[in-house]
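>>> mind folding the following:
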Amino acid sequence: MTTNAQKPKKVYGARGVTESKIVQARLLPVERYLFTCVKHKLGTTDSNLGRDLINMAMPLLLAEHGLTEWANDTLKAYNA
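Numbering: from 1, shown residues only. Reported below is the predicted structural model:
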């Protein structure tokens with residue numbers, strides 16, 4: 001017999017998003033504080049700020065590890 005606490009929660013995506021999976025990150029208290037301050041300063045949501053950070057930081061991370069070409073090929077295959 002399962003209880004409500006044992007049942008997985010259904011994740012609903014934003015309108016217009018056909019597939020949605022949550023990306024979670026554990027932040028240190030100081031990182032969470034800065035994230036929250038920036039979110040309020042920009043007048044945005046957690047989701048939008050997280051998406052902006054990923055979109056801006058991903059190219060830097062890929063370049064640092066020499067994975068830019070691999071990422072481009074992966075995106076081409078995804079869009080094909």
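
>>> in the top helix by length along the chain, what's buried?
Assignment by DSSP state H gives helix 46-64 as the longest helix of the chain. Burial within helix 46-64, assessed by neighbour count using 16 or more other C-beta atoms under 10 Å, is assigned to 49-50. C-betas here are computed from N, CA, C, even on glycine.

>>> try stretch 31-41
Neighbour-count burial for stretch 31-41 [16+ other C-beta under 10 Å]: 35, 39.

>>> show me what contacts R32?
Applying C-beta atoms under 8 Å, 6 or more residues apart in numbering to R32 gives no contacts.

>>> so what's E31 scoring on pLDDT?
In this model, E31 is scored at 97, pLDDT.

>>> how about V23?
pLDDT, V23: 79.

>>> quick one: the helix or strand that comes right after the longest helix of the chain to helix 46-64, angle?
Next in sequence after helix 46-64, counting helices and strands by DSSP states H and E, comes helix 68-79. Interaxial angle of helix 68-79 relative to helix 46-64 (axes from the mean of the first three to the mean of the last three C-alpha atoms, to 10 degrees): 130 degrees.

>>> list the buried ones in helix 68-79?
Buried-residue list, helix 68-79, by 16+ other C-beta under 10 Å: empty.

>>> by contact count, what packs against the longest helix of the chain?
Judged by 3 or more C-beta pairs under 8 Å, 6 or more residues apart in numbering; DSSP states H and E, the packing partners of helix 46-64 are helix 29-42, helix 68-79.

>>> what mean pLDDT does that helix have?
Mean predicted lDDT for helix 46-64 stands at 95.

>>> picking up where we left off before, so for L60, which of the helices and strands packed on helix 46-64 sits nearest?
With C-beta to C-beta as the criterion, L60 lies closest to helix 68-79 of the helices and strands packed on helix 46-64, at 10.0 Å.

>>> residues touching the residue nearest the centre of the chain, list them.
Of all residues in the chain, the one closest to the mean position by C-alpha atoms, centre = their mean is V23, 4.7 Å from it. V23 makes contact with 50, 54, according to C-beta under 8 Å, 6+ apart.
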